[in-house]
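here's my sequence, what's the structure:
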Amino acid sequence: IAHGLGNARELLEQVRQGRRGDLGVRGPTVAVSEPDLIVELQRRLASIDWRARREAAWARYWARAAFAELPVADQPRTRPLDLSLTVPAEVALPDGTTLIRAGERVDPLSVMPFHQRLFVFDASDPRQVAEVARRGQLSRWEGRLPLYLATRLERAAGWAGYRAVQTVLGDPLYLLTPDVQRRFRIERVPAVVESREGVLMVSEWVPEG
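Numbers count the residues shown, from 1 in each chain. Prediction:
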């Protein structure tokens, strides 16, 4: 340590000569007038209202959330959904055994059965919320796990509205994403996706009331 140095060369020369520790005052010195950086950072962090910022971030989420604007079903409709795909290249096991040949068509349901019921609905519509909750409870009694995807929610209600719908359902609620909508070809709501005798079916129904 050296105080009052205007040139680092002198300090380096002292170090090369083997001197260590406090090298004393080597020139004029003045008291430091700037605040300690660590103390200043701590002061600024302590002054931030993290709860207000978190609530503002939550409010911005619902203001910016992208909803799927799907029409309401005006008549019951059920259609099969084929998720089969053609494998472009051979799939082999580590020992070299061919698992799937190139060009072979594979049905994902034959590999991983679909035991759930996927309910897709407009959570801003009280009619759909009530009916999906009832159907979901029945599905659970039948041993089919209900999964809930909302196309819309009331933006103005924010997280309170989201939690209110979850309370009615008694289960977690998720937003329908564009890739899931495309994969299951969801066109109208409310709808349910389920497997019947090894075939994936999409059923739409008209909300009551």
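
what sits against Asp122?
The contact partners of Asp122, by CB atoms under 8 Å, 6 or more residues apart in numbering, come to 70, 72, 128, 150-152, 189-190. Just so you know, the C-beta spots here come from the backbone N, C-alpha and C atoms, and that holds for glycine as well.

narrow those residues to those in helices?
Among the contacts of Asp122, the subset assigned to helices under DSSP state H consists of Gln128.

can you give me the helices for this structure?
With helices called from DSSP H, the chain shows them at 8-16, 37-46, 50-64, 108-111, 126-141, 158-169, 178-184.

most packed of these?
Sort these by mean neighbour count, taking mean count of other CB atoms under 10 Å, and helix 126-141 sits at the top with a mean of 17.

ok so, going back, for ChimeraX, write a command that selects the buried ones of the contacts of Asp122.
Applying 16 or more other CB atoms under 10 Å to the contacts of Asp122, the buried members can be selected in ChimeraX as follows:
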select :70,128,150,151,152,189,190
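
can you lay out the helices of the chain as a markdown table showing mean pLDDT and distance to Val120?
Formatted as a markdown table, the helices of the chain follow (pLDDT from 0 to 100; distance: least, CB to CB, whole Å):
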| stretch | mean pLDDT | distance to Val120 |
| --- | --- | --- |
| helix 8-16 | 68 | 69 |
| helix 37-46 | 73 | 44 |
| helix 50-64 | 70 | 19 |
| helix 108-111 | 66 | 19 |
| helix 126-141 | 95 | 9 |
| helix 158-169 | 91 | 13 |
| helix 178-184 | 90 | 8 |
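
ok, which of the ones you listed comes nearest Arg79?
Nearest to Arg79 among the helices of the chain is helix 178-184 (11.1 Å), distances taken as CB to CB.

the nearest residue to Pro113 once chain neighbours are set aside and His115, how far apart?
Nearest residue to Pro113, sequence neighbours excluded (CB to CB, 6 or more residues apart in numbering): Ser195, at 6.7 Å. Relative to His115, Ser195 is positioned 7 Å away (criterion: CB to CB, to the nearest Å).

quick one on the thing from earlier: how about the contacts of Asp122 in CSV, adding distance to Leu173?
As requested, these are exported to CSV (distance: CB to CB, whole Å):
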residue, distance to Leu173
Leu70, 16
Val72, 19
Gln128, 12
Ala150, 6
Thr151, 11
Arg152, 12
Val189, 14
Pro190, 14
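
what two of the contacts of Asp122 are the furthest from one another?
Val72 and Ala150 (13.9 Å).

appreciated, that's everything.
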